[in-house]
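Enquirer: heads up, no residue letters with this:
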């Protein structure tokens, strides 16, 4: 079995040696001369869990900077959709390759995607050595959906790589009708796949839902039996207290995307209600066209600062938002990782402590969340393999 | 005279050669073989104006990550002030050296500082090759003020380096009394120095000011003759429409610090009113203890996204926030720079267009504001000299 020894690495304030066997952390605190297939000298570096980006559209990296600073409808209908209509499956692969490079360099080992051409996405993920949950997008009367969503559910790339799964991804309640939502949920559950959907992103979505169904989106989705511990609900900006309780009770995972919500003018995530509900909250970058990067370090800072904006500087401390970006995301997708501990899958990053943004080192996590830049990531390990550095 | 030729650099969408003589851009579009003391091959790089950080406390880089995620009063009185009380003048220099390194690497050539030990700060700025407006902090009954603020006004480092000036920096209306504020303004005006002050940062400041003076901070400062085109007012979070008109009419420069306002829970800058008033708005990082970095690229993104948060994605587009961070700051301090044009002081940065966050290149400014990280800065030129890269 391949083994990896990380020497002299800072772990929870102590310099130690960490041993990885196969794809798991087998021991923390081994002798410095322990034999290993590969040794990393990590003096001046700290080890932390890698990132799990729970909501993105990776191939939209091709649209980075293509259309900004304009009203949502104009942005979508006059710029984004016409561009996407011209994208081929090979373009999707190119975009995903670019996105994967950016994500890996910034310490992200996993992303939950929602796009088209899942086979091409899987090729890009495989080449990058990352993990991914690749969404098969379901839309009502959408040509892509017809082309792609047929019988993908049986093709589970996870069998091949151990790092990938498919998700069933009905786009949103305003693009997919009730019957198709139910059908998607049934297909996902028959095949043991997760469900990935946009929920309550804008006030318009909520108003339209109330007009059409007499209730708000979370209540509506619950009324048709859609919600459960296999659901990843992206955004959840307009969710009231009772709905947060529903999400928490059903075990739904929420993918919070602060940059996208701000840039598109969607609004502020209700941190107070979300945290109080006890629902599992994770972080996502959304696509590069509404962010415009896939930088989970920056996303943590945006979340933590937007939480505090309204007057409580103690809301969402650095240690907590780091959990949203790491272990909560891993848990949501059943990946036994997200903390640096013996027995866990070896998904981790080494940070360069000599970077000017990491000095002085009063508090590693605070520096990582509030001060660092993605470039501080020195080495990225996914599933026991060094995929960057 | 020293000269610098920047070859094959992308400038406003066109690849060109830029010639710098002494400390000014003398010509854009010169032949590639023009003789120069130094030549930079800038293929794959773009030139943009450097940053002017108009409000910071540079030496507080020593407090990066020292105290976070706690209520403002506890943070200040139990953590920040006790730490600062132990800082020596040499510590201030060490902190400023660290801050200058971070700022320069991130493309910042100037900062407007408010701290203690101005001589030590000037040494650090001189060594870094940057520009700075160094505030002599004035506080009521504060030991530092007694120690430092005596007759510094006559010592103008600008005479020596051409890159530095002193400012008179009464800390705030709640730490400096009316008479001392008037005295500071008079001293500054007698000596042709700018005034640098915190204004309307929190609701408490506004409430206390109304209780004490019967009017809000901007009105109060105006009533005592403090406001004028030589004033840099940091924060201005709680400023109403009529006050914005006063600020605009008096020619005051506002230093907006979004990360600090969010992290301390101070609140959202009133972008709508501020922009509509026509007042000059600039960007500052504030100190590293409330940010926690000095990264003006990140600060631009925070400003642009926080502006859009409440529903208007077209508010504060990338091109405009770049002006806040560059030319507006230069103009506020009378530095004839901030745009890449013939005759202007040569304060500029070269960006690495091959970085993954800069691809594809649909829109350079959008990529720089919304996607890049500080590390994309390849070369920094201040006053005609390469100070980084």
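Expert: Received the coordinates, thanks. Only a predicted model underlies this, so the values are computations on that prediction, with no experimental measurement involved.
Enquirer: Could I get the average pLDDT for stretch A:361-371?
Expert: Computed over stretch A:361-371, the mean pLDDT rounds to 98.
Enquirer: Outline the domain layout of chain A.
Expert: Domains of chain A are assigned by automatic domain parsing as A:3-49+A:339-388, A:51-332.
Enquirer: Turn the ones you listed into JSON lines, including distance to residue B:198.
Expert: Just so you know, the C-beta spots here come from the backbone N, C-alpha and C atoms, and that holds for glycine as well. As requested, the domains of chain A are exported to JSON lines (distance: least, Cβ to Cβ, whole Å):
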{"stretch": "domain A:3-49+A:339-388", "distance to residue B:198": "21"}
{"stretch": "domain A:51-332", "distance to residue B:198": "17"}
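Enquirer: Can you list the residue ranges for strands in the stretch 151-300 of chain A?
Expert: In order along the chain, the stretch 151-300 of chain A carries the following strands (DSSP state E, counting those that start in this stretch): A:164-170, A:194-199, A:231-235, A:253-256, A:280-283.
Enquirer: Highest mean neighbour count out of these?
Expert: strand A:253-256 (a mean of 28; mean count of other Cβ atoms under 10 Å in any protein chain shown).
Enquirer: Give me the contact status of that one with chain B.
Expert: No - for a cut-off given as Cβ under 8 Å from any Cβ of the partner chain, strand A:253-256 has no contacts with chain B; the smallest distance is 14.3 Å.
Enquirer: Enumerate the residues of the stretch 151-300 of chain A near chain B.
Expert: Proximity of the stretch 151-300 of chain A to chain B is assessed by Cβ under 8 Å from any Cβ, with A:259, A:261-265, A:267-268, A:288, A:291-293, A:295, A:298 identified as the residues in range.
Enquirer: What segments of the stretch 51-200 of chain A are helices?
Expert: With DSSP state H, counting those that start in this stretch applied, the stretch 51-200 of chain A shows helices at A:72-74, A:81-85, A:89-105, A:118-128, A:143-148, A:158-161, A:178-190, listed in chain order.
Enquirer: oh sorry, the question was meant for the stretch 201-350 of chain A
Expert: Listed in chain order, the helices found in the stretch 201-350 of chain A under DSSP H, counting those that start in this stretch are A:203-213, A:217-223, A:241-250, A:258-263, A:271-277, A:296-308, A:318-325, A:327-332.
Enquirer: Pull the residues that contact the third one.
Expert: Where contact means Cβ atoms under 8 Å, 6 or more residues apart in numbering or on different chains, the residues beyond helix A:241-250 that reach it are A:200, A:216, A:218-219, A:222, A:227-229, A:231, A:233, A:236, A:239, A:254, A:270, A:273-274, A:276-279.
Enquirer: cool, and the first one?
Expert: Defining contact as Cβ under 8 Å, 6+ apart, one finds that helix A:203-213 is touched by A:172-174, A:200, A:215-217, A:220, A:223, A:238, A:267.
Enquirer: Quick check: ChimeraX command selecting the buried ones in the residues you listed.
Expert: Only the buried members of the contacts of helix A:203-213 end up in this ChimeraX selection, burial being decided by 16 or more other Cβ atoms under 10 Å in any protein chain shown:
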select /A:172,173,174,200,216,217,220,238,267
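Enquirer: Now pLDDT too, for the contacts of helix A:203-213, in TSV please.
Expert: What follows is those, written out as TSV (pLDDT from 0 to 100):
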residue	pLDDT
A:172	96
A:173	96
A:174	94
A:200	98
A:215	98
A:216	98
A:217	98
A:220	98
A:223	98
A:238	98
A:267	97
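Enquirer: and of the contacts of helix A:203-213, the nearest to chain B?
Expert: residue A:267 (6.8 Å; Cβ to the nearest Cβ).
Enquirer: Widest-spaced pair of the contacts of helix A:203-213?
Expert: A:223 and A:267 (24.2 Å; Cβ to Cβ).
Enquirer: show me where pLDDT drops low in the stretch 151-300 of chain A?
Expert: Of all residues in the stretch 151-300 of chain A, those with pLDDT under 70 make up the ranges A:151-160.
Enquirer: try 80 this time
Expert: Per-residue confidence of the stretch 151-300 of chain A (counting by pLDDT under 80) places the weak regions at A:151-161.
Enquirer: Any idea how many residues pack against residue A:354?
Expert: Per other Cβ atoms under 10 Å in any protein chain shown, the neighbour tally for residue A:354 reads 12.
Enquirer: er, residue A:41 actually
Expert: Residue A:41 is surrounded by 12 other residues when neighbours are defined as other Cβ under 10 Å.
Enquirer: ok, now how distant is it from residue A:118?
Expert: Note on residue A:41: its distance to residue A:118, by Cβ to Cβ, to the nearest Å, is 39 Å.
Enquirer: now residue A:14
Expert: When residue A:14 is compared with residue A:118 (using Cβ to Cβ), they lie 43 Å apart.
Enquirer: Those two: who's more crowded?
Expert: Set side by side, residue A:14 and residue A:118 show unequal neighbour counts under other Cβ under 10 Å, the larger going to residue A:118 at 26 against 9.
Enquirer: wait, isn't the more buried one in contact with residue A:138?
Expert: No - Residue A:118 sits out of contact with residue A:138 when judged by Cβ atoms under 8 Å, with a separation of 11.9 Å.
Enquirer: Who are the contact partners of the nearest residue to residue A:99 once chain neighbours are set aside?
Expert: In space, and not counting its chain neighbours, residue A:99 is closest to residue A:58: 3.7 Å by Cβ to Cβ, 6 or more residues apart in numbering or on different chains. Contact partners of residue A:58, counting by Cβ under 8 Å, 6+ apart, are A:95-96, A:99-100, A:103, A:111, A:113, A:115, A:121, A:124, A:287, A:294.
Enquirer: circling back: the helices of the stretch 201-350 of chain A: which one's closest to residue B:337?
Expert: Using Cβ to Cβ, the helices of the stretch 201-350 of chain A put helix A:296-308 closest to residue B:337, at 28.2 Å.
Enquirer: Close to chain B: what parts of the stretch 1-150 of chain A are there?
Expert: A:61-66, A:68-72, A:75, A:98, A:101-102, A:105.
Enquirer: Go again with 7 Å.
Expert: For the stretch 1-150 of chain A, the residues in contact with chain B under the definition Cβ under 7 Å from any Cβ of the partner chain are A:62, A:64-66, A:68-72, A:98, A:101-102, A:105.
Enquirer: Neighbour-wise, which one of those residues leads?
Expert: With neighbours defined as other Cβ under 10 Å, the most crowded of the residues of the stretch 1-150 of chain A next to chain B is residue A:64; it has 30 neighbours.
Enquirer: The nearest residue to that residue once chain neighbours are set aside: what's it in contact with?
Expert: Using Cβ to Cβ, 6+ apart and skipping residues adjacent in sequence, the residue nearest residue A:64 is residue A:288, 4.3 Å away. Counting by Cβ atoms under 7 Å, 6 or more residues apart in numbering or on different chains, residue A:288 touches A:60-61, A:63-64, A:99, A:294.
Enquirer: hmm, back to that, where does confidence bottom out across the residues of the stretch 1-150 of chain A next to chain B?
Expert: When the residues of the stretch 1-150 of chain A next to chain B are compared, the smallest pLDDT is that of residue A:72, 81.
Enquirer: any weak-confidence spans in the stretch 1-150 of chain A?
Expert: Along the stretch 1-150 of chain A, segments meeting pLDDT under 80 span A:139-150.
Enquirer: hey, where'd the strands end up in it?
Expert: All strands of the stretch 1-150 of chain A, identified by DSSP E, counting those that start in this stretch, fall at A:3-11, A:14-21, A:24-28, A:38-41, A:45-49, A:51-56, A:108-115, A:131-138.
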